[in-house]
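**Student:** Turn this into a structure:
(2 chains)
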Amino acid sequence: MPKAIIEVADAKVSFGAVKALDGVTLAIAPGECVGLVGHNGAGKSTIVSVINGGLAPHQGSIASDGEVLARYGINAARSRGVRCVFQELSLCPNLTVVENTRILHRHLGGLGWRRRAKQVIEQSLDAIFPGHDINTDRTVGDLSIAERQMVEIAMAFSDAGIAPRLIILDEPTSSLDASLAEQMLAHVRRFVASGGSVILISHILHEILTTASRIVVMKDGRIVAERPAAAWTEHGLVEAMGSVVKGEAHRRAMRDLADAPVAIEHVGRGTPFRARRGEIVGLAGLAGHGQTEMLMRLHAASSADWLPRRDPAVTFVAGDRRLNGIFELWSILKNLSVAALGDLAQHGVVKGDAEAERAGEWKRRIEIRTPDMASHILSLSGGNQQKVLFARALSTRAPVVLMDDPMRGVDVGTKQEVYEIIRQEAARGRTFVWYSTEMEEVCLCDRVYVFREGAIAAELQGDAVTEENILAASFAGLAA
Amino acid sequence: MRLLDRISRRPWIWSWFAAFLAWFATIVTGGASTLGLSQAALTFAAFSIIVGIGQMFVITLGPGNIDLSVPSTMTLAGTVALKLMDVDNAMILPGLMIAVLIGIAVGVFNYALIKALRIPPIIATLSMSFIIQSAAIWTNRGLRIKPPSVLADFTTATTLGVPNVSLVALVISVCAWFLLEKTIYGRWISAIGQSMPAARMAGIPVDGTRFVTYLFCAVLAALAGYLLACFSGGAALNMGTEYLLMSIAVVVLGGTAVAGGDSNVPGIWGASLFMFLVVSMLNTYGLGAGIRLIMTGLIIISVIMLAGGRQPGAR
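**Tutor:** Numbers count the residues shown, from 1 in each chain, chains lettered A, B, ... in the order given. Below is the predicted model of the structure:
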């Protein structure tokens, strides 16, 4: 067997209390395509960062072509032909495609670099996406999200001096339609056949099954299964990831809410948004197409900036905890009670015992795993911090709960607990507006608005809420 | 040991410790009288405590929040109040009222500039301070009016050996501590200081809270100006000058987080006493003004470095 391009041995990475990688050993040989699957938070992105040199493991070693590398970083990785296409697009939006190429390939510099860069990137684009009509002199910011992703992929495969040997594709098809995705996967197979290596990460399992030569399943920072692709089935993969098999069992009973009063609405571009009392409304579509903005607008429209409201109209569960969720200097208790202080105080003075009682109640109800609610919020794991945010929102009297993809970093068990609480609260007449990037969660909603380019593109209800319909609505008209 | 460990985690302990050291050194090595030094320290610290508490509330609001109009507000409030009272003991209360009103007006204008014109607080309050200072110059016209006799006596006298002004500062401090620790408003400013987006999403009326805080700071500055003018026997145009840096220094030395969200009333006391005692300690050694300033700077730096190594505990 030829020597591995990159070999990671027993890598461990932890972020605070969270073990992102718990002893991962992975070798990528030339001429193979490794499929990497696992839930959110399983450690896929972390192992990718370790391989591309962006993150030094706290323990473990990295070897390349048989030699152990003591100092491994992004530049070392690049000079060995390791390239990466990120989930979050990483091109400079204010530069043209050609200029971005120049940034990636440093030695393209000198007189006439524009011509050389143009040649490099166009060659690559033509090879991967024949028939594309991307003008490489356009600014990246003006391209559609799909075109940007195409450029990014072409950039990774482009050859200007250092030939790419290992390409990491992290959710490369998330914004591509079916035909473009197939073109890309075909190119991956050609690249692998000619001796290159690819790590392919995707939530779309059949892409992995048809393209990868070997599939690695990760869970909780470990590799839990590793077999040649031919030995896997879609069902087997789902089981190995440890997720509950999707099915109608999770579907909530259909409820007729057409007569319920409207709890919150917003009229803007496209279909107007409307949510009724007791309804769970999903916001779906590709990430970053205006769902979070919609939640912010709904929140801003019904909350006060100057005077406190006697009866709060909306409450919010953050998905981006660090940005607009937790208060890092505070205890769990204070973090939990902050939104409902008005109910826990008399003449503006917070009643300590009422606050502690309320917190204890929610600690039991949502099972926040801590010995002491007075301990620091950051002593909790990410999932438990998220539970605190849920408890904060649900403990208010607000009739409408806005949720901004709140399950990021939450483990499967907790998710089920929270789903159950959401169902109970909805049955009692609370309205939930739920943005989620997970299809499974969207399918729990009574009604779903699919977003595209900042506006509502479709409204699905009841049995029409399916993965196929949502995907179709997310992509319609977007294909290049 | 546990007790010692717990105490050393309190962010205010360092300023108290430093203040005590300076006090001790002045008495032992400088030969100052214990009672006299303590009374002087409490008296002069009282003004920085009152101003510092206001500044602390504003700094708690988070990065970028600061009120630079404090010194000119002090000057204007002192000048106008003395002019209105005109050495008449019957006018003491109206004088106090006008000082508070000036504080309120300054606070309103400050926040109006910050919010309506979207000027960063540091610029807004600085430009506001020029306007206020000009107003003070215009009202003062070089006159030095004496304070009403009752007020002059009150501010310079002691009760049971404790200077009256420091008792006023104590009352204000207790109120401030109560506001911060026990009320919804205190929670709100701490939340805003930690993360404004998170505070907004938690349903906190961010603008209202910030407005009240700037108002509060300006009112405290006006109050301090009123007391200081009476204490020193008349308002002077430069009477606020040293309180610009002083108000910020006592907040920082006292262990309040400069990045916001975590404030601390006892620390203001320790820091204010320390700031006065350091200067008097160096004075008793008979050092020249230049050396004294350098030493003051070095001592402040070392206290901050000592206190900087602390771990923020759970609150």
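**Student:** Against residue A:406, how distant is residue A:383?
**Tutor:** 11 Å (Cβ to Cβ, to the nearest Å). (Glycine included, C-beta is placed from N, CA and C.)
**Student:** Comparing those two, which residue is more hemmed in?
**Tutor:** Neighbours of residue A:383 and residue A:406, each counted by other Cβ atoms under 10 Å in any protein chain shown, are more numerous for residue A:406; the result is 28 against 20.
**Student:** Name the nearest residue to that one, sequence neighbours excluded.
**Tutor:** Closest residue to residue A:406 apart from its sequence neighbours, by Cβ to Cβ, 6 or more residues apart in numbering or on different chains: residue A:317 at 4.4 Å.
**Student:** So what sits opposite that neighbour in the bridge?
**Tutor:** Residues in a beta bridge with residue A:317, per DSSP bridges, are residue A:403.
**Student:** Report how many residues lie close to it.
**Tutor:** For residue A:317, the count of nearby residues is 25 (other Cβ under 10 Å).
**Student:** where does it land on pLDDT?
**Tutor:** On pLDDT, residue A:317 comes in at 91.
**Student:** What of the one 5 residues further on?
**Tutor:** Model confidence at residue A:322, given as pLDDT, is 77.
**Student:** Which helix or strand contains it?
**Tutor:** Counting by DSSP states H and E, the element that carries residue A:322 is helix A:321-324.
**Student:** Mind checking what helix or strand follows that helix in sequence?
**Tutor:** Downstream of helix A:321-324, the next assigned helix or strand under DSSP H and E is helix A:332-337.
**Student:** Can you tell me which helices and strands that following helix packs against?
**Tutor:** helix A:352-366, helix A:382-394 (3 or more Cβ pairs under 8 Å, 6 or more residues apart in numbering or on different chains; DSSP states H and E).
**Student:** Quick check: neighbours of the helix or strand just after it in the sheet, parallel or antiparallel?
**Tutor:** For helix A:332-337, the following helix or strand on the C-terminal side (DSSP H and E) is strand A:345-346. Applying DSSP bridges, strand A:345-346 is found paired with strand A:349-350 (antiparallel).
**Student:** distance between the partner strand and the chain's centre?
**Tutor:** 40 Å (Cα atoms, centre = their mean, to the nearest Å).
**Student:** for stretch A:225-236, same thing?
**Tutor:** With Cα atoms, centre = their mean as the basis, the distance from the averaged C-alpha position of stretch A:225-236 to the chain average is 24 Å.
**Student:** can you tell me which residues contact whatever residue of the stretch 1-150 of chain B ends up closest to chain A?
**Tutor:** Nearest residue of the stretch 1-150 of chain B to chain A, counting by Cβ to the nearest Cβ: residue B:115, 9.7 Å away. The contact partners of residue B:115, by Cβ atoms under 8 Å, 6 or more residues apart in numbering or on different chains, come to B:207, B:211.
**Student:** Which pLDDT value belongs to it?
**Tutor:** pLDDT, residue B:115: 90.
**Student:** near chain B, which residues of the stretch 301-450 of chain A show up?
**Tutor:** A:303-309, A:312, A:314-316, A:318, A:323-331, A:334, A:338-339, A:341-342, A:345, A:348-350, A:374-376, A:379, A:392, A:396, A:398 (Cβ under 8 Å from any Cβ of the partner chain).
**Student:** What parts of the stretch 151-300 of chain B come near chain A?
**Tutor:** Close to chain A, as judged by Cβ under 8 Å from any Cβ, the stretch 151-300 of chain B has residues B:182-185, B:187-188, B:190-191, B:194-195, B:197-208, B:211, B:257, B:261-262.
**Student:** Next step: the residues you listed restricted to helices.
**Tutor:** When DSSP state H is applied, those are split such that B:182, B:184-185, B:187-188, B:190-191, B:194, B:197-201, B:206-208, B:211 fall in helices.
**Student:** By average pLDDT, which secondary structure element in chain A comes out worst?
**Tutor:** Least confident element among the helices and strands of chain A, by mean pLDDT, DSSP states H and E: helix A:467-475 (a mean of 74).
**Student:** thinking again about what came up before, of the helices and strands packed on helix A:332-337, which is nearest residue B:284?
**Tutor:** The minimum distance between residue B:284 and those falls on helix A:352-366, with 46.6 Å, by Cβ to Cβ.
**Student:** Am I right that residue A:12 is in contact with residue A:43?
**Tutor:** No - with contact defined as Cβ atoms under 8 Å, residue A:12 and residue A:43 do not form a contacting pair (10.5 Å).
**Student:** Could you measure from residue A:149 over to residue A:104?
**Tutor:** 15 Å.
**Student:** And for residue B:98?
**Tutor:** Taking Cβ to Cβ, one finds residue B:98 at 67 Å from residue A:104.
**Student:** again, but for residue A:19
**Tutor:** Residue A:19 is 33 Å from residue A:104, by Cβ to Cβ.
**Student:** now residue A:299
**Tutor:** Taken as Cβ to Cβ, the span from residue A:299 to residue A:104 is 39 Å.
**Student:** And for residue A:54?
**Tutor:** Between residue A:54 and residue A:104 the computed distance is 15 Å (Cβ to Cβ).
**Student:** Identify the residues contacting stretch A:46-65?
**Tutor:** By Cβ under 8 Å, 6+ apart, stretch A:46-65 touches A:3-14, A:20-21, A:23-24, A:26, A:28, A:36, A:68-69, A:72-78, A:80, A:82-84, A:166, A:168, A:170, A:199, A:201, A:218, A:221.
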